[in-house]
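> test case, fold it:
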Amino acid sequence: MEHEGKGTDEEKGDSAAQAGEESYYEKEVAKVSKYPFNLGQHLVLIPVLVIMIFLIFEAIAIVVQPEGHGFDSEWAFYFIRDMTAIIIITVIALMMFNQQRRNLEKRFKDLYDQIRESELVKASFLSNISHELRTPLTIINGYVKYLLNKKAGQLTQDQEKFLRIASEEADRLQQLIDELLLISTLEKRGLVLDKDDLELGDVLRAIVEKMDVKAKARKVKLMKVIPEGRVWMKGDRHRLTQVFTNLIDNAIKFTPDDGIIEVRLREREKHVVVDIIDTGIGIPKDKLEKVFDRFFQVDGSTSRMYRGAGLGLSICRDIVNASGGEISVESPVSKSTLRHMGLSEERMEEVGGTMFRVRLER
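Numbering: from 1, shown residues only. Have a look, this model is predicted:
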């Protein structure tokens, strides 16, 4: 495997995260520095403007004298007095503005430090609790699978049914723990990816083959449209497999019986595009922008039909972004896309559908 740069993954992750934090802080402070005034300080400008108006009239009175009159020292005195006043007021106002800006910068930095500290505490808690849950869960799952394999004796039909349910729930909980651990790693160190030469077509074929079992169990047709030629790119095989597995699993979850899911790979000169299209229930337009947010559920009710923690799509976004790519979502799917998938005109009127598009640099 090739790694860019030197040092361990953790060191690179820490330095990247620290650089990101410093850059973010500097940008926010710059924003504050651009707007040092508040409403109260604008009031200081009122006497300055009034005095400037007097100065203009006094300057005119000094320059424009009636014929036969000499230099008017009284107007000159007023002019010097008011000029001095405006200079003093301006200096005081600037000092107030600069002090206010420094106070704002300090308050912002203190607030940022508090937020960052709370984020680190949360990440540490997620990491610790996930590790504590993983060990006993692994033991439980191991014994359940041991019993399912009938190594401890024959099982009745009901016993096998109950053990399979327990095994499926344990696997689901294991996936949730793995997602929490990844989120914790992302928040503490950032994501460090390998840059391997990989053939994306083979990666997608293997994922589709593995997920086809789950799709058939849900009576969903899983199809792939992948070029016959080799589609090479540089990327992290493990993380990209995680992305496309999550997206296909999400499509299976939200696609009803007799639905269709298509995984489509297209090749461009400098990048590749992978579309995961389903004929499922779709996503409301007012929630499209939030689907990649952590812990977001389209149906946030406690009695929701579709289970999950709302972490999968967020993790997909983080991995794709770290890979230098982009991920987007479209819902409902255009009729031309559904027609290309073989749906009839009548069926297209009933389908909402969702398309996730992943664009990766080659």
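> what about this protein, any weak spots by pLDDT?
1-48, 51, 54-55, 57-76, 78-79, 187-189, 298-309 (pLDDT under 70).
> show me which helix runs longest in it.
If you go by DSSP state H, the chain has its longest helix at helix 73-148.
> check which helices and strands it sits against.
Here helix 73-148 touches helix 9-34, helix 39-42, helix 45-63, helix 157-189, going by 3 or more C-beta pairs under 8 Å, 6 or more residues apart in numbering; DSSP states H and E. From N, CA and C alone the C-beta is placed, and that goes for glycine too.
> a helix runs through residue 339, doesn't it?
Yes - checked against DSSP: H, G, I helix; E, B strand; the rest coil, residue 339 lies within a helix.
> hang on, it packs against residue 348?
Yes - between residue 339 and residue 348 there is a contact under C-beta atoms under 8 Å: 6.9 Å.
> who's more crowded, these two?
residue 348 (19 against 12; other C-beta atoms under 10 Å).
> state the helix or strand in which that one lies.
Using DSSP states H and E, residue 348 sits within helix 345-350.
> chain center to that helix: distance?
Distance of helix 345-350 from the chain centroid (C-alpha atoms, centre = their mean, to the nearest Å) equals 34 Å.
> from here on, call the first residue 2.
Noted, 2 is the first residue going forward, which turns the last one into helix 346-351.
> other SSEs contacting the following helix or strand past that helix?
Later in the chain than helix 346-351, the nearest helix or strand by DSSP H and E is strand 355-362. Contacts defined by 3+ C-beta pairs under 8 Å, 6+ apart place strand 355-362 against strand 233-236, helix 238-254, strand 272-279, strand 327-331.
> looking at these, which is nearest to residue 51?
Taking C-beta to C-beta, strand 327-331 is the member of these nearest to residue 51, at 55.4 Å.
> and the angle from that closest one to helix 238-254?
Strand 327-331 runs at 10 degrees relative to helix 238-254, counting by axes from the mean of the first three to the mean of the last three C-alpha atoms, to 10 degrees.
> next, count neighbours for the residue nearest to residue 147 when sequence neighbours are not counted.
Distance criterion C-beta to C-beta, 6 or more residues apart in numbering; nearest residue to residue 147, sequence neighbours excluded, is residue 153 at 6.5 Å. Other residues near residue 153 come to 10 when the count uses other C-beta under 10 Å.
> against residue 161, how distant is residue 153?
Look at residue 153 and residue 161: by C-beta to C-beta, to the nearest Å, they are 12 Å apart.
> next one: residue 233
Residue 233 is 45 Å from residue 161, by C-beta to C-beta.
> same check on residue 147?
Relative to residue 161, residue 147 is positioned 13 Å away (C-beta to C-beta).
> break the chain down into its domains, please.
As assigned by automatic domain parsing, the chain contains the domains 10-193, 197-362.
> what's the most buried one of those?
domain 197-362 (a mean of 17; mean count of other C-beta atoms under 10 Å).
> need the distance between the two termini of that one.
For domain 197-362, the separation between the terminal residues is 13 Å (C-alpha to C-alpha, to the nearest Å).
> for stretch 226-239, same thing?
22 Å.
> chain center to it: distance?
Its chain's C-alpha centre and that of stretch 226-239 lie 25 Å apart, by C-alpha atoms, centre = their mean.
> list of residues touching that stretch?
Under the contact criterion C-beta atoms under 8 Å, 6 or more residues apart in numbering, stretch 226-239 has outside partners 194-202, 204-206, 263-268, 273, 320, 324, 361-363.
> first vs last residue of stretch 279-286, how far apart are they?
16 Å.
> phi first, then psi, for residue 297.
Dihedral pair for residue 297: phi -80, psi 140, per degrees, to the nearest 10.
> how close does it sit to residue 268?
Distance, residue 297 to residue 268, using C-beta to C-beta: 32 Å.
> same thing with residue 84?
Relative to residue 268, residue 84 is positioned 72 Å away (C-beta to C-beta).
> also residue 50?
Taking C-beta to C-beta, one finds residue 50 at 65 Å from residue 268.
> kindly report the same for residue 206.
Remark: distance between residue 206 and residue 268 (C-beta to C-beta) = 15 Å.
> try residue 333
In this view, residue 333 and residue 268 are 27 Å apart by C-beta to C-beta.
> which residues does the nearest residue to residue 286 once chain neighbours are set aside contact?
Residue nearest to residue 286 in three dimensions, not counting chain neighbours: residue 332, with 7.6 Å by C-beta to C-beta, 6+ apart. Contacts for residue 332 (C-beta under 8 Å, 6+ apart) come out as 283, 284, 286, 289, 353, 354, 355, 356.
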